[in-house]
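# What follows is a protein structure lacking sequence information:
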């Protein structure tokens, strides 16, 4: 790590993802979560996949159980959205599970995209 003082934050991010999701296993049989993040005083985390200016995907987000429902993710998402707008990103897409789809559409203003449209976005990047 280039900045050792960041290690506690990164390891907390990894713990949040472990708390909320099953391991994401690579072909090498290693869990990708600790590979992607490593750190402590973090209550909300998300991963972005950037496909250039046109499309950014937010494939996975998590909030510690003790902090869920308190607006911490809204703050993280708002900051992320402002950053992406400043970079002239046109679309943010996310693969939402059916049981949380209404949160994304009602609380964050996302609209459901049909599979063909999503495939076109992913092909273009």
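Thanks, I have it. Everything numeric in this text was worked out from a predicted model, so none of it was measured. Numbering: from 1, shown residues only.

# after the worst-scoring helix or strand of the chain on mean pLDDT comes which helix or strand?
The helix or strand with the lowest mean pLDDT-type score in the chain, counting by mean pLDDT, DSSP states H and E, is helix 32-36 (a mean of 67). Once the chain leaves helix 32-36, the next helix or strand it forms, by DSSP states H and E, is strand 44-50.

# residue ranges for the helices of this structure, please.
7-20, 32-36, 72-86, 101-102, 108, 115-124 (DSSP state H).

# ok, residue 106 - contacts?
Contact analysis of residue 106 by C-beta atoms under 8 Å, 6 or more residues apart in numbering lists nothing. For the C-beta atoms, the positions are set from N, CA and C on the backbone; glycine is no exception.

# And the pLDDT for it?
Looking at residue 106, its pLDDT is 90.

# how near is it to residue 100?
Separation of residue 106 from residue 100 (C-beta to C-beta, to the nearest Å): 11 Å.

# Mean confidence (pLDDT) on stretch 75-88, please.
87.

# let's number from 19 now, not from 1
I'll keep to 19 as the first residue from here, and by that count the last item is stretch 93-106.

# Pull the residues that contact that stretch.
By C-beta under 8 Å, 6+ apart, the residues outside stretch 93-106 that reach it are 62, 63, 64, 66, 71, 74, 76, 79, 110, 126.

# Nearest to residue 41 among these?
Nearest to residue 41 among the contacts of stretch 93-106, counting by C-beta to C-beta, is residue 63 at 15.8 Å.

# wait, isn't that closest one in contact with residue 34?
Yes: with contact defined as C-beta atoms under 8 Å, residue 63 counts as touching residue 34 (5.2 Å).

# okay, and the common contacts of those two?
With C-beta under 8 Å, 6+ apart, residue 63 and residue 34 have common neighbours residue 80.

# any idea which strand is longest in this structure?
Assignment by DSSP state E gives strand 73-81 as the longest strand of the chain.

# if we can go back for a sec, out of the helices of the chain, which comes closest to residue 83?
Smallest distance to residue 83 across the helices of the chain (C-beta to C-beta): 6.6 Å, for helix 25-38.
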